[in-house]
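[1] Coordinates for the following, if possible.
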Amino acid sequence: MSRKQQKEVWSCFRMNGLVLTGKDTLNSVMDYLQKSEDFDASLKDLVVRIKNHPNFSQSKITSELVQEIIDETEQGDGESTEAIVIIDHKEAPISRFDKDRKVFFRENGASRSISAKNVTFNRLQAFRERYEIIHQRVMRNEIFEKKKFVQDSTYQEISSITSLRRNPGQSSCVLGLLTQPKEGKFHLEDLTGNVEIDLSNADTSVGLFTENCVVVAQGTMKGDIFVVQVLAMPPAEDRKDTCKIFPTLSVPTNRKPYTPEELDNLRSEEAQQSGTRIIVLSDVWLDRAKVMNGLKMMLFRYDSACKEADEDSDLFLIFVFMGNFTSQPAPKNYSLHRELFDQFGTMIQSFKNLENKSSFIFIPGPNDVLGANGMILPRNSLPDVITEPFKKKVPSSTFTSDPCRIKFYSQELLFHRDDICSKLRQYSRRPSNTEKSVYEHAAKTILCQGHLCPLPLHVAPIDWNYDHALRMYPLPNVLILGDKASTYTITFKSTQVANPGCFASDFTFYSYDPSSKELEPCALEIEEIQSSLRSEDANAIRKKKKRKEVRPTKKDAKEPNLQEGAGESLARTPKNRTSTNKKTPPTKPFDRSANQKGINSFFQAQATEASTSTDRRKLRLQRHSDSEDEGSDRDSDPSPGDGEEEQNRDVRRVRDQLESEDDDDDEEQEGVEEEEAQQVQIASKVSGKRRRLEDSDEETAEVDEVLI
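    Numbers count the residues shown, from 1 in each chain. Below is the predicted model of the structure:
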């Protein structure tokens, strides 16, 4: 540590109105600067960080403050400049303006404490911060910026509301918040007070003027009422100008600002991403068959593009799906959403070429959140109970909040799903005199206000702990407003504002090329989708017909030995009813008399068959006895001339015949015994079925009694 470098440190701090207290503070600064490659640049950067730090309150710099800033700087140096970052509303940094030092300092939104008790304080603090950001922006505008050494005829001084009463009858210009404390009576409020205004003869510029929006009003004071002659929106500021004045705001994340070298590297890499496309869809109703067919057709085309691309190609697709994801509001549970996303994940999983060359981002809509929470902004992401099966099938998916920011290299893209255009037009308190489309009025109103929700609180309630996530300062490079209105694209102050339209009705969406910064409107052919839907319906009808033709043969094969009445009754037993989860068509009530009749007929047929077999056996025995009698008659009365050999031959023949008949009788006896065993077995089965039928009849009677 040289004495010359110590003098440079002391001199630099004194030139900026700072004083280092004690040798410990100086040693901490010198140790940090010795590690850096560029001593002078690191010293200037440290001084700027000290002056912009939220804990800096006086000119005396302590060693604790220096050490805290050095630790934050070293931690920031270890951060990687990630190319694509998705920023949830809870991770958005808080930017607060210090009007005494005229600098912005940032607070980590994820690590701050959330207070749900001081709701009134949080609301007042949010409106105060919103007003201060717009006020410092307006005061730097060329129209309202005061020239100290040059007289400008176009200069307009912004007066405070308390000073209006001191200059009655004099034309004045004020910047205030438009409110309506009483029905039909409008007021302007700033940090000094409020005044009642008269808007009956006011001439308006571009914009839709609603409650809780900040306006610039020019008029005269008459009594206690400020008569407004001109009502205008506060002038917006280009993103480049804001980042040039406040480099701290150039990054939408909590990391430290980019150095000029880092920013140049990011822009050069960004220009090389010619194969990246961001596809944005709104109102993707997964419970409609035609929407699913449209998604399938769109994914098929992009899958074919990925298949045709080379392996070394830089093609990468980012799909951004904005709600609502159902045509009706969310039910009391998320079972429907879970099933629909599971089916959608199966569809995406079938396109193998999109697996390594795409990612999917989902932003909820107002109907995707239970109850009135869908109206409160910002909205939380969809819960894990819905997204868990989808994430398993599509690992490259992200479910984020509404609004959502995407940092793509040096660009900032902001996505918000709300019917903001219709709300602004409905609750506008003063129509605009300019002949422009309502979409242009709505877009310029949001950009001039620097806020996504300049609406009355009863129309769009806000969680005041996260009001900073709805602010836009600096303005984003691209603002996507998911609205039910038709598609439009408007460029204002180098910010592109676009609405992809309703995909569920028009099948329109947008494709953004970050390398060339161009938005391209896209649409699917509705006739092609309808024809594919009709073909799928025809295939489903054919399958149903085939199933109906096959069902009777299967039923007959299972129950071939039962009569028709008994078969129908057995098919309606509780066992068969509970064996499947599919809905069955309503059947006729159980008829016990018909069932008993079928069983009796079955027993009668079995008894008739048994008696027939017994008669057959008796007939065979009678024939055997008759043949024996005839043989004995022939032996007792032989004809003359027969010898002894002939008698022996006859005896052997009769004996063989008797032995063969005895064998037949044994086989017949065994057959009869087998038939009797089968009859007993069948009778036991039928009696068991009869008992089950009686039990089912009793259960049916009990159910009927309960229903009655």
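[2] buried sites along the top strand by length along the chain?
    In the chain, ranked by residue count with DSSP state E as the criterion, the top strand is strand 172-182. Of the residues in strand 172-182, those with enough neighbours to count as buried (16 or more other C-beta atoms under 10 Å) are 172-179. In short, each C-beta sits where N, CA and C put it, glycine included.
[3] count of neighbours near Lys357?
    Neighbourhood size, Lys357 [other C-beta atoms under 10 Å]: 19.
[4] Revised request: answer the last question for Phe97.
    18.
[5] ok, what's across the strand from it?
    Judged by DSSP bridges, the bridge partners of Phe97 are Phe104.
[6] how about it, what does it touch?
    Contact analysis of Phe97 by C-beta atoms under 8 Å, 6 or more residues apart in numbering lists 103-104, 129, 132-133, 136.
[7] which one among those gets closest to Thr210?
    Nearest to Thr210 out of the contacts of Phe97 is Ile133 (C-beta to C-beta; 18.5 Å).
[8] Shouldn't the closest one be within a helix?
    Yes: under DSSP: H, G, I helix; E, B strand; the rest coil, Ile133 sits within a helix.
[9] Make 91 the first number, not 1, from now on.
    Fine by me, first position is 91 from now on; the one you just mentioned is Ile223.
[10] For it, give me its contacts.
    Neighbour list for Ile223: 185, 187, 540, 561, 563 [criterion: C-beta under 8 Å, 6+ apart].
[11] ok, 6 Å please
    The neighbourhood of Ile223, defined by C-beta atoms under 6 Å, 6 or more residues apart in numbering, consists of 187, 563.
[12] Same check on Tyr529?
    Contacts for Tyr529 (C-beta under 6 Å, 6+ apart) come out as Tyr578.
[13] Reduced to three states, what does it come out as?
    helix.
[14] can you check Lys141 too?
    At Lys141 the chain is in helix, as set by three-state DSSP.
[15] Just give me the neighbour total for it.
    By the measure other C-beta under 10 Å, the count of residues near Lys141 is 16.
[16] Need the per-residue pLDDT for it.
    At Lys141 the predicted local distance difference test score is 75.
[17] Then Ser487?
    The model's pLDDT for Ser487 equals 94.
[18] Identify the residues contacting the spatially closest residue to it that is not a sequence neighbour.
    Nearest non-adjacent residue to Ser487, counting by C-beta to C-beta, 6 or more residues apart in numbering: Phe450, 4.3 Å away. Residues in contact with Phe450 (C-beta under 6 Å, 6+ apart) are 409, 484, 487.
[19] In its sheet, which strands sit next to the one helix or strand Phe450 maps to, and in what direction?
    Under the criterion of DSSP states H and E, Phe450 resides in strand 448-453. Strand 448-453 pairs in its sheet with strand 406-412 (parallel), strand 487-489 (parallel), by DSSP bridges.
[20] do you know which of those strands lies nearest Gln439?
    Smallest distance to Gln439 across the strands paired with strand 448-453 (C-beta to C-beta): 11.2 Å, for strand 487-489.
[21] Mind listing residues that contact that closest one?
    Contacts of strand 487-489 (C-beta under 6 Å, 6+ apart): 176, 450-452, 471-472, 477, 481.
[22] how big is the angle separating the next helix or strand after that strand from strand 406-412?
    From strand 487-489 onward toward the C-terminus, using DSSP H and E, the following helix or strand is strand 494-498. Strand 494-498 and strand 406-412 are oriented at 170 degrees to each other (axes from the mean of the first three to the mean of the last three C-alpha atoms, to 10 degrees).
[23] which residues sit against the following helix or strand past strand 494-498?
    Counting by DSSP H and E, the next helix or strand C-terminal to strand 494-498 is strand 501-507. Around strand 501-507, the neighbours that count as contacts under C-beta under 6 Å, 6+ apart are 342, 412-413, 453, 455, 492-496, 542, 566-572.
[24] in its sheet, what does strand 501-507 sit against?
    When DSSP bridges is applied, strand 501-507 pairs with strand 494-498 (antiparallel), strand 568-572 (parallel).
[25] I'd like those strands as a markdown table, with mean neighbour count, distance to Ile335 and mean pLDDT appended.
    Shown next, in a markdown table, are those (neighbours: other C-beta atoms under 10 Å; distance: least, C-beta to C-beta, whole Å; pLDDT from 0 to 100):
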| stretch | mean neighbour count | distance to Ile335 | mean pLDDT |
| --- | --- | --- | --- |
| strand 494-498 | 23 | 20 | 94 |
| strand 568-572 | 26 | 21 | 95 |
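[26] Adding distance to Ser512, write the ones you listed out as a markdown table.
    Shown next, in a markdown table, are those (distance: least, C-beta to C-beta, whole Å):
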| stretch | distance to Ser512 |
| --- | --- |
| strand 494-498 | 22 |
| strand 568-572 | 12 |
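[27] Looking at those strands, which is nearest to Asn106?
    Once the strands paired with strand 501-507 are compared by C-beta to C-beta, strand 494-498 is nearest, at 31.4 Å.
[28] Could the C-alpha coordinates of that closest one be exported in PDB?
    C-alpha atoms of strand 494-498 as PDB (Å, rounded to 0.1, in the frame of the first residue of the first chain):
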ATOM      1  CA  CYS A 494     -43.900 -12.200 -15.500                       C
ATOM      2  CA  ARG A 495     -40.600 -10.800 -16.800                       C
ATOM      3  CA  ILE A 496     -38.100 -12.500 -19.100                       C
ATOM      4  CA  LYS A 497     -34.600 -11.200 -19.400                       C
ATOM      5  CA  PHE A 498     -33.300 -12.300 -22.800                       C
END
